[in-house]
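# sequence and predicted structure below; questions after.
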Amino acid sequence: MQRFNLFFSVLTVGSVLTLLFVQQSPVLTTAIIVLLLWLSLLLLSASFKKYRFIFLLLQLGIVLIVSFFQPWSFYLLPGTIMNFLILKKNQRLILFAGSALLLFYGIHLPNSAMQISGFLWTIFVFYVSVTIAELSQEKRGLNDSSDMLRVERNRLASLFEQSIMNSEAREKEAILSERQRLVHEIHDELGHKLSGGLIQMEAARAVYQKDEKQAEKLLDQAIVTTREGIDDIRKILHAEAPEQETLNLNRLKTELQRFTERYQLKTSFHYFGKVDQLSSFQWQVLLGNLKESLTNTLKYAEATEVAVRLHVFKGFLRFEISNNGKTTKSYKKGLGILGMEERTAMLSGQLVIDTTNGFTVTTILPIVIR
C-alpha cells in the first residue's frame, strides 16, 4: 500500500506539472517548487517512520496554504489525506476532517469545471486507494494462510516420521518378544526332553557291560524321548512358519511401501481370487516385474501414483501395474521390458503393455491346478 501511494503521488505531481506546462501558466516556477517540496516531504515520511506524522502534517499544511492562492494544488489534497489514513490511527477522525477539508476547498474552486473534475478526482483517488488496501489485506491473509499451512505441513510430516519410528519400534519389540517366547518354549519343552534322552543314553553306556537288557531298555527310552523332541521341533517350525501366499503378498506390499517412503509416490495394491494357487516361481516373476516397473515409472513416467492389481482366475492370473504418468504413443523396449518379457515367457506367460492412459504393464501367467 505504501509503495502504491508513493507511486500515485509521483504520478499526481507529474500530471499537475504537465497540465501547467500545457497551459503555459506564469506560476510554473512556483508550482514546481511547491510540488517538489510536497514530494520531498512524502519521501521523508516514507524513509523516517519515526517522524512520519510530522512530515505529513507539514505536507498537509503546504497543500492547505497554497490552495488559497493556487487552485491546482487542490488535486494534491486527496493524496495527502490518504497518506494519513495509511497510518491507521484515528481513521474515522481523519476521514471526517479530510472530507470536511475537501468539501471546503472544493466549494471555493474558481469554476464549475474544476469543481466537477476535483470531485471526480477525489472519488477516483479514494476508490483506487481502498481497492489497493483490500488487495493488500487479502495478500497478507493469503501469506498468513500459507504460513499456517506450511507449519501444519511440517507438523504432519513430523507426526508421520514419528509414527514410522513408533511402528518400527513396535515391530522390533514384537520380534524380540516372539524370539524370547521361542527361546523359552524350546528350553522348557525340547531342552528337557533332549537332556533326558542324553542322560538315558549315558546311563545305558554305563550299565551296558553289567546288564545288557537294562542298557537296551534305557536306549529304547532315549530313542522315544529323542523322537518326541524331533516331533516337537517340527510342530514348532510348522506352527511358526508363515503361509507361502501370505509371505509373498507381504513381499509385494513391502516393495510398494519402500517405494512410497523413498520417492513420495502414492501406491495402492489390491488382489482378488485364490492366491494360494500360485507357485514360488510365479511369485518370483511377479516380484521381479513389479520392481522393474517401479524403476521405469521413476525414470520415465513423471507419475504421481502407481496402482497394482492381482487377479487370480480359474486357470490363469493377471498382474497389472499402472501409473498416471504421461501418455506416449510409441515407446522403445529397453533392457527392463525385455527382461520382464523373458521372465514371463519362461513360465509360458505373456506381457502386455498399454500406453493409452498412462503406462500399464500386465503380466498374464497360466495356473496349473494342484
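Received the coordinates, thanks.
# do you know the pLDDT at the spatially most central residue of the chain?
If you average the C-alpha coordinates of the chain and look for the closest C-alpha using CA atoms, centre = their mean, you land on residue 153, 7.1 Å from that point. Residue 153 is assigned a pLDDT of 79 by the prediction.
# can you pull out the strands in this protein?
Counting by DSSP state E, residue ranges of the strands within the chain are 266-272, 305-312, 316-323, 350-354, 359-366.
# by contact count, what packs against the second one?
For strand 305-312, the helices and strands in contact under the criterion 3 or more CB pairs under 8 Å, 6 or more residues apart in numbering; DSSP states H and E are helix 244-263, strand 266-272, helix 280-296, strand 316-323. (C-beta placed from N, C-alpha, C; glycine too.)
# list the buried ones in it?
By neighbour count on 16 or more other CB atoms under 10 Å, the buried set for strand 305-312 is 306-308, 310, 312.
# so for that strand, mean pLDDT?
Strand 305-312 carries an average pLDDT of 93.
# pairing partners for that strand, with directions?
Strand 305-312 has the following sheet partners, assigned by DSSP bridges: strand 266-272 (parallel), strand 316-323 (antiparallel).
# what stretches of the stretch 201-350 of the chain score poorly on pLDDT?
233-245 (pLDDT under 70).
# one step back: mean neighbour count, the strands of the chain: which tops it?
With neighbours defined by mean count of other CB atoms under 10 Å, none of those is more surrounded on average than strand 316-323, at a mean of 21.
# and that one, how far out from the chain middle?
Strand 316-323 has its average C-alpha position 28 Å from the chain's average C-alpha position, going by CA atoms, centre = their mean, to the nearest Å.
# also stretch 266-283?
For stretch 266-283, the distance from its own C-alpha centre to the chain's C-alpha centre is 30 Å (CA atoms, centre = their mean).
# distance between the ends of that stretch?
Start and end residues of stretch 266-283 are separated by 23 Å (CA to CA, to the nearest Å).
# ok, and what's touching that stretch?
Judged by CB atoms under 8 Å, 6 or more residues apart in numbering, the contacts made with stretch 266-283 from elsewhere in the structure are 243-245, 248-249, 251-253, 256-257, 259-260, 286, 304-313, 317, 347, 365, 367-370.
# run a quick neighbour tally on the closest residue to residue 84 other than its chain neighbours.
Once its chain neighbours are removed from consideration, residue 84 has its nearest residue in residue 94; the separation is 4.8 Å (CB to CB, 6 or more residues apart in numbering). Counted with other CB atoms under 10 Å, the neighbours of residue 94 add up to 17.
# now residue 83
Taking other CB under 10 Å as the neighbour definition, residue 83 ends up with a count of 24.
# residue 132 too?
Neighbours of residue 132 under the rule other CB under 10 Å: 16.
# any regions of the stretch 1-150 of the chain where pLDDT drops low?
When residues are selected by pLDDT under 70, those of the stretch 1-150 of the chain lie in 1-33, 36, 88-91.
# from the buried residues of strand 305-312, which is closest to residue 216?
Using CB to CB, residue 312 is the member of these that sits closest to residue 216, with 56.2 Å.
# isn't that closest one right up against residue 367?
Yes. Applying CB atoms under 8 Å, one finds residue 312 in contact with residue 367, separated by 7.1 Å.
# need the longest helix for this protein.
Looking only at the chain and at elements set by DSSP state H, the helix with the highest residue count is helix 112-185.
# name the helices or strands packed onto that one?
In terms of contact count using 3+ CB pairs under 8 Å, 6+ apart, helix 112-185 is assigned the packing partners helix 2-23, helix 77-86, helix 91-107, helix 212-240.
# against which helices or strands is the shortest one packed?
Helices and strands touching helix 77-86, by 3+ CB pairs under 8 Å, 6+ apart, are helix 2-23, helix 28-47, helix 52-67, helix 91-107, helix 112-185.
# from the middle of its chain, how far away would that helix be?
Centre to centre, stretch against its chain (CA atoms, centre = their mean), the figure for helix 77-86 is 44 Å.
# number of nearby residues for residue 357?
Under the neighbour criterion other CB under 10 Å, residue 357 is assigned a count of 10.
# dump the helices and strands packed on strand 305-312 into TSV; add distance to residue 144 as well.
What follows is these, written out as TSV (distance: least, CB to CB, whole Å):
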stretch	distance to residue 144
helix 244-263	32
strand 266-272	29
helix 280-296	40
strand 316-323	37
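# which one of these is the most hemmed in?
Taking mean count of other CB under 10 Å as the contact definition, the stretch among these with the greatest mean neighbour count is strand 316-323, which reaches a mean of 21.
# export only the CA atoms of that strand, formatted as CSV.
C-alpha atoms of strand 316-323 as CSV (Å, rounded to 0.1, in the frame of the first residue of the first chain):
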residue,chain,number,x,y,z
PHE,A,316,-4.6,-68.1,-15.2
LEU,A,317,-3.6,-64.9,-13.3
ARG,A,318,-3.5,-61.3,-14.3
PHE,A,319,-0.9,-58.9,-12.7
GLU,A,320,-1.4,-55.3,-13.7
ILE,A,321,0.9,-52.4,-12.8
SER,A,322,-0.3,-49.0,-14.0
ASN,A,323,0.7,-45.4,-13.4
